[in-house]
Every structure is written in C-alpha cells, then in structure tokens.
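J.: coords below, sequence missing:
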C-alpha cells in the first residue's frame, strides 16, 4: 500500500499538479502563519519573546500539520480503506511541486516574444524586480527558480515521504510536516526586520531538514550526468559561496551539469544585491537548458521512487 500511494501521488502531481482554484494545504498553513504572526507582533516586540514564539510556531505548525494529515487519513480509512488511501494520495501529491515548477517555466517561456508579458509572468514566481529584465536575464531567473526549488519543492518532500513510508504513520504526515517548515521559512525565515527573531528558528529548522536531501540530490544528479567528479568539483568550489547552506548546492549541481552560469546582480525593491556566481559560462542559458533542468529533476525523482519500490518489494 505505501508503494501504491507513492506511485499514485507522483502520477497525480505529474498529470494535474495543483489546480489554481483548489484549496491547497500550503494556503491553509499560510493563513495560520499570517494569523500567528499578526497576533505575535501585536502582543510583543521583545527579542526573546519573539524567538520563543518562533520556536512555538515552528514546532506547533510542523507537528500540527502532520497530526491533521494523519487524522484525516485515519478517518477516511475508518469509513473505507480506499477513501483513506485516496486522501493519503491527494495529501502527498500536494507536497510535490514538480508540475508547478514546470508550469511556471512554461508560462514565462511562452510569453518571451512579448518581454512585458514575460516580465509580468515572472513576477508571479520570483521575488526580484522584473521590470527591466532583458530576455537573457529572464531566462536566468527562470533557471535559478527551477533549480533552487527542485530540492525543497520536489526532492526533499519525496525524501521525507519515503522515510514516512517505512513507519506506521505513512508518507503524507512526514511530507506535510516538511512542507509546513518550508512554508514557514519562505514566509518569515528572513534575517531582515521584522522577521529576524520570529523567523530564526523556522529558518534554521528548514536548513537542517533540507541539508541531507539536498546533498543526496547533488550526489544523484552527479551520477545521472555521467561525469560526477567534474560536477562535484564545481559544486564544492562554488556552492559554499552562497549564504544559504542548501540553495547554492541545489542551483550549482544543475549549472555544473548544464555548463552554464547563474548568479550576478539582482534588484529587490530597487536595492541592488549580488548573488555569487555559480558554475562556468561555457554555454548560454537557453530555453533548452531550462527543459534539461526540469528533465534532470524528473529523472532524479523517478530514480528515487524506483529504488524505494525495490526496497518495498524485497522487504
């Protein structure tokens, strides 16, 4: 049953993804985070109190989301085992962002003949200013988004789903718990005010939870590339330059394989920020390179699933 749930969830994400008009677990998490954040800022501005609140929020949302998902599956199973399995499949599929990443890239690329439209589409998916981006800069932004989110949006949820599959709780609660922490990090895990203290614990927790699946993804993609030593050498050289302990590695393994370079100057609300250069500019970033990056993620995902299915089969 865990193997069947995993296969169905992967297929559901690949074929449908996250329909825009459906209520998504991340939306509910986002609402809860926003309510907690607003309440906390109204009650206190004290550094220690905000840090304690951040710990409570991270632990509460992580374990709470896992408990709710597990409870929903158990209630569905009590009504009928097939219903419980269907709920588990839907919950697990919502944690995978493979289809969403592909759709984001397709939306921007489809509009490239009209730069204003492409910039507008890109604005939906990135935090940087897009008003003055050229076509090469738009392509770089899309590639950076696709590669940076490949781990926390696809491979890390799969990693925790696979761990959960070997426990009595199942895949969905583990993947949902990781998704909750990842959502917290994206909403309040900033070093800048006013989130410096409230978001510190969620940011650290996300870094810790993502560290192992990120390195396993780098290792796997290196093997898939057919030239692992060259890829890992570039990753060891460039990835540590990124202040994030994970996103630099996630981006760097892709650009090392594709033989392109990302990073450079970006603008956020008019403020110039320089991202470290990752990879070597042996080739230009093209639409085809973006498709190759998405294909690499899909290949890695399928290989991990295949290995897990073999373990299920022989265990």
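T.: On my side now, so go ahead. Only a predicted model underlies this, so the values are computations on that prediction, with no experimental measurement involved.

J.: Hmm, residue 137 and residue 108 touching each other?
T.: No: counting by Cβ atoms under 8 Å, residue 108 stays clear of residue 137, with 11.8 Å between them. Quick note: C-beta positions are derived from backbone N, CA and C, even for glycine.

J.: higher neighbour count, the two?
T.: Counting neighbours by other Cβ atoms under 10 Å for residue 108 and for residue 137 shows that residue 108 has the greater number, 27 against 18.

J.: Quick one, grab the pLDDT at the more buried one.
T.: Residue 108 carries a pLDDT score of 95 in this model.

J.: quick one: it from residue 269, how far?
T.: Distance of residue 108 to residue 269, given as Cβ to Cβ, to the nearest Å: 21 Å.

J.: Toward the C-terminus, what is the element adjacent to the lengthiest helix in the chain?
T.: When the chain is scanned for its longest helix (criterion: DSSP state H), the result is helix 47-79. Proceeding N to C from helix 47-79, the next assigned helix or strand is helix 81-93, under DSSP states H and E.

J.: and residue 150, backbone torsions?
T.: Per-residue torsions, residue 150: phi -60, psi -30 (degrees, to the nearest 10).

J.: All the helices of the protein, residue numbers only.
T.: Counting by DSSP H, the helices of the chain are 2-15, 25-43, 47-79, 81-93, 98-110, 115-122, 135-150, 156-165, 171-188, 200-225, 228-238, 247-258, 287-314.

J.: For the last one, enumerate the helices and strands it packs against.
T.: Okay, so that is helix 287-314. helix 2-15, helix 98-110, helix 135-150, helix 156-165, helix 200-225, helix 247-258 (3 or more Cβ pairs under 8 Å, 6 or more residues apart in numbering; DSSP states H and E).

J.: Repeat that for the longest one.
T.: Helix 47-79 makes packing contacts with helix 25-43, helix 81-93, helix 171-188, helix 200-225 when contacts are defined by 3+ Cβ pairs under 8 Å, 6+ apart.

J.: Next, the buried residues of stretch 127-136.
T.: Buried positions in stretch 127-136, judged by neighbour count with 16 or more other Cβ atoms under 10 Å: 128-130, 133.

J.: what does stretch 227-244 give?
T.: Residues 228, 231-232, 234-235, 238-239, 242, 244 are the ones in stretch 227-244 that count as buried (16+ other Cβ under 10 Å).

J.: Which residues does that stretch contact?
T.: Taking contacts as Cβ atoms under 8 Å, 6 or more residues apart in numbering, the residues outside stretch 227-244 that touch it are 207, 218-219, 221-222, 225, 248-249, 251-253, 255-257, 275-280.

J.: Can you check the pLDDT for residue 20?
T.: With respect to pLDDT, residue 20 has a value of 60.

J.: same deal with the one 4 residues further on?
T.: In the prediction, the pLDDT value recorded for residue 24 is 80.

J.: sorry, back to before: which one among the buried residues of stretch 227-244 gets closest to residue 35?
T.: If you rank those by distance to residue 35 using Cβ to Cβ, residue 244 comes first, at 27.5 Å.

J.: For the residue lying closest to residue 12 once chain neighbours are set aside, list the residues it contacts.
T.: Excluding the flanking residues, the one nearest residue 12 by Cβ to Cβ, 6 or more residues apart in numbering is residue 93, at 4.0 Å. Applying Cβ under 8 Å, 6+ apart, we find residue 93 in contact with 8-10, 12-13, 16.
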